Structure formats: structure tokens, C-alpha cells
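S.K.: I would like to see how this sequence folds:
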Amino acid sequence: MAVYLDHAATTPMLPAAIIAYTEAMGIVGNPASIHSQGQNAKRMLEEAREAVAASVGCEPIEVVFTGSGTESINLAIKGLYWARAPRPRILAPGGEHHATLDTVEWLGQHDGAAVEWLPVDELGRIDLAALEASIEADPGSVALVTLLAANNEVGTLQPVSEVAAIAARHGIPVHVDAVSAYGHVPLDFAALGRSGVSALSVSAHKIGGPVGIAALVLSRSVTVVPLIHGGGQQRQVRSGTQDVAAAVSFAVAASAATHDLAAENERLAALRGRLVDGVSAAVPDAVLNGDPSPTGRLPGNAHFTFPGCEGDSLLFLLDAAGICVSTGSACQAGIPEPSHVLRAMGRSEALARGALRITLGRTTTDADVDAFLAALPAAYAQAARAGLADRAPGR
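M.R.: You can find the predicted model right below:
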């Protein structure tokens, strides 16, 4: 059986979430119907909304269920941008997830948005002084600021409250992509809202829930233009019949992911520490990316670059040895390009091609870490030989 170390891409569904999902799928009734079965479905849906709200510290009415984290991000960014027209500027740090990158670039190409990519430091953290300077140059023209809570590739946590406070001084809404952070760091939307955060995106399949349901946490005081028009089932923000079974399963996963968060983070951080030490011993040239401090990164993320190697080569060799890892976001898997995150952090193109992301989760054990460390030396040696051959004269 393969050792699975790609929990940032998706993590196995919790057994309790699977049971809740399958049981709820047997319930008949549209939650928008007024008869008894419809109202029973509505009760289940709203109880699920309450549980998801509790997991992120918001009011239930602020939870808008969507079909994916990508949809939540699109709804937040496009919806805020359109609602604040004709302000053209969108500010975001370099190295954002492609759900954000491609959304704002689309707005730039098709809707006149002026996209400004703000610099990040060598750890992948936003330059707050650059953000403040960009806003103060013309605050009235900024539609919104959007940023990750934690980088999905290198795991670095962003100073979300500080970013929001800067934007709030000028009345600028902030959207936070918390898909990677959800279930790994505490999220308190009420507190973030007091700092100036208007919207926050999370997804169920990152925390042991099903694929196909996510949420946009949207402050009740914020107006967005919807992407989807129809029955207006959720605050006129997102139309469409709501998936009760998926919401119930999402709620189970949300409750499980947050009730023992500190203990699980401590366990994952210890496993990650062993993994990082083992990689450094096995491959001294390997470079650890992101914030090395445990307080500045996701506890289960270990991201390395291996000079002289292609990340894809390492991935395939490790996969052949029964170890599942990634080179970065699953959304970009199979695309032979250097990591745009590492490039934003100032890494060379050659080094950015040698990336490997190892992410741990609730099912990860000491034996899984040991198996990875046992398989790495041979895979690295073979990938390094292939890299030398590719760089040989005449190739």
C-alpha cells in the first residue's frame, strides 16, 4: 500500500464524515420546499451550516456553501470587484494559488482590472510596506486586496490581520484564501472581521470532508455581485439547490478538524521536524523553503528544492517506490513549469524546477515518515544523474 504524503492536495475522508454523507443521501427533500420532508432537509442543512460557522468563528448566515474552494475564491474576488466598480485596482502578493492568480488575470483581460502583484520576501511573506505604499498612492482606486492565509506550496503563514488593518484604514475589503490553512491553524472570522477581513474561503476536502462542497464566509455587512443567478437560495449571493448530504458531511469534518487542533498540530509538527532533519541528513544540498520557524508555517508542510534535479523526476521515482508526494499545487500537476511561488520568492528558474512538497495529515504516522526517508536517497541519486545527463554538452 502506498504511503500518502500529499494531504495538501486532498486528505482522506474521515470515517464519520463518510457515514454521515451516506446516511444523509437517503433523505429526500429539497431544503427550499415548504412541505415536511423539505423542512427536514432544511433543518439538516442549517444545522450543518451552524457547525461549519462554529469551525471558523462566524455567524451561520455568513456561511455560503459553494461547489469548491475555487468557486468560493472566484465569487469573493469577482463579486467584490464588480460590487465596487469602477475602482480598477486589485492588490495581491506574488505566489498566490492559481484560483486567485487566474481569476484576477481574467478580470484584467476581460473587465479592465489593474492587477498589482505585491512583492514577497524570501520566505514567501508579503511586504507590508509595499502594500501600504501601493494603497496610499491612490486608495480610492483599489477595489480589493486578496491573499492566502497560508501559502499552499511552501506553507508560510501570512500576516492577515496586519494586511486587513492597513486596508481597513482606507475602507478596502480584504478576501482571504484560507483553503490551505483551514483545519491546520485557528480561524476566527469575527476577530478577522474586526481587523478588516470581509470574506474568507475554505473547502471540505482539505479537512476530511467530501470533494464538491466548500464555503465562502462572507460578512453580513458586505455586498458582492453573484456569479450564479437563479433562485437566490443563499442570501441572493449563490443560487442553486443546496447539497444537504455534502453539507452534513462537511459539518462532521469541520467539527472533527477543529476540536483537537492544538494537539494534532503538535503531533504533525513533531513528525515534520523528523522529516526535515532526515532529508537534511540524506541530501545535505536540499534547501528547505518557506518559514523555518514552527510558528510561521503550516505544521504539516515540508517543501524542499533539490539542486540539479527536476521535481517531476523525483516525484515519479518516489511514486515508483510507493511514496505519494507532489511538486506543488495539484491544480498545476503535469504542467512542466517552474514553481511560480518560488520564482516570486526570488529563486532561480533552475532551482524552482527542483521542488518537492511533502504534506502530512491525520493519517500520517512515524512509519510513513520513515518510509519516505528510506526511499529518498536512491530516488535523489537517480534524479541527480538524470539532471547531469540533461545538462551534458550536446543535449
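S.K.: make it CA atoms for all contacts and neighbour counts henceforth
M.R.: Fine.
S.K.: hey, where'd the strands end up in this structure?
M.R.: Counting by DSSP state E, the chain has strands at residues 3-4, 63-66, 89-93, 114-118, 142-148, 174-177, 197-203, 214-218, 287-289, 301-305, 323-324, 355-359.
S.K.: tell me which of these approaches Glu337 most closely.
M.R.: Glu337 lies closest, by Cα to Cα, to one member of the strands of the chain: strand 355-359, at 10.8 Å.
S.K.: output that closest one as PDB, nothing but the C-alphas.
M.R.: C-alpha atoms of strand 355-359 as PDB (Å, rounded to 0.1, in the frame of the first residue of the first chain):
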ATOM      1  CA  ALA A 355      10.700  21.500  -5.900                       C
ATOM      2  CA  LEU A 356       9.100  18.700  -3.800                       C
ATOM      3  CA  ARG A 357       6.200  19.300  -1.400                       C
ATOM      4  CA  ILE A 358       5.600  16.700   1.400                       C
ATOM      5  CA  THR A 359       2.500  17.300   3.400                       C
END
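S.K.: sort out which residues of that strand are buried, please.
M.R.: Across strand 355-359, burial judged by 16 or more other Cα atoms under 10 Å covers Ala355, Leu356, Arg357, Ile358, Thr359.
S.K.: could you dump the strands of the chain into a markdown table with mean pLDDT and distance to Glu337 added?
M.R.: Output for those, formatted as a markdown table (pLDDT from 0 to 100; distance: least, Cα to Cα, whole Å):
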| stretch | mean pLDDT | distance to Glu337 |
| --- | --- | --- |
| strand 3-4 | 98 | 24 |
| strand 63-66 | 98 | 30 |
| strand 89-93 | 98 | 20 |
| strand 114-118 | 98 | 19 |
| strand 142-148 | 98 | 21 |
| strand 174-177 | 98 | 23 |
| strand 197-203 | 98 | 26 |
| strand 214-218 | 98 | 28 |
| strand 287-289 | 97 | 18 |
| strand 301-305 | 98 | 14 |
| strand 323-324 | 98 | 20 |
| strand 355-359 | 97 | 11 |
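S.K.: now, which of the buried residues of strand 355-359 sits nearest Ala99?
M.R.: For the buried residues of strand 355-359, the nearest to Ala99 is Arg357 (18.8 Å; Cα to Cα).
S.K.: ok, for the closest one, nearest residue in space, not its chain neighbours?
M.R.: His303 (4.4 Å; Cα to Cα, 6 or more residues apart in numbering).
S.K.: let me see the contact set for the one you found.
M.R.: His303 makes contacts with Glu153, Val154, Gly155, Leu288, Asn289, Gly290, Ala355, Leu356, Arg357, Ile358, as judged by Cα atoms under 8 Å, 6 or more residues apart in numbering.
S.K.: what is the neighbour count of the residue lying closest to the first one once chain neighbours are set aside?
M.R.: Right, Glu153. Once flanking residues are discounted, Glu153 sits nearest to Gly328: 5.3 Å by Cα to Cα, 6+ apart. Neighbours of Gly328 under the rule other Cα atoms under 10 Å: 24.
S.K.: residue contacts, the closest residue to Asp366 other than its chain neighbours?
M.R.: Using Cα to Cα, 6+ apart and skipping residues adjacent in sequence, the residue nearest Asp366 is Leu271, 6.8 Å away. Counting by Cα under 8 Å, 6+ apart, Leu271 makes contact with Gly300, Thr365, Asp366, Val369.
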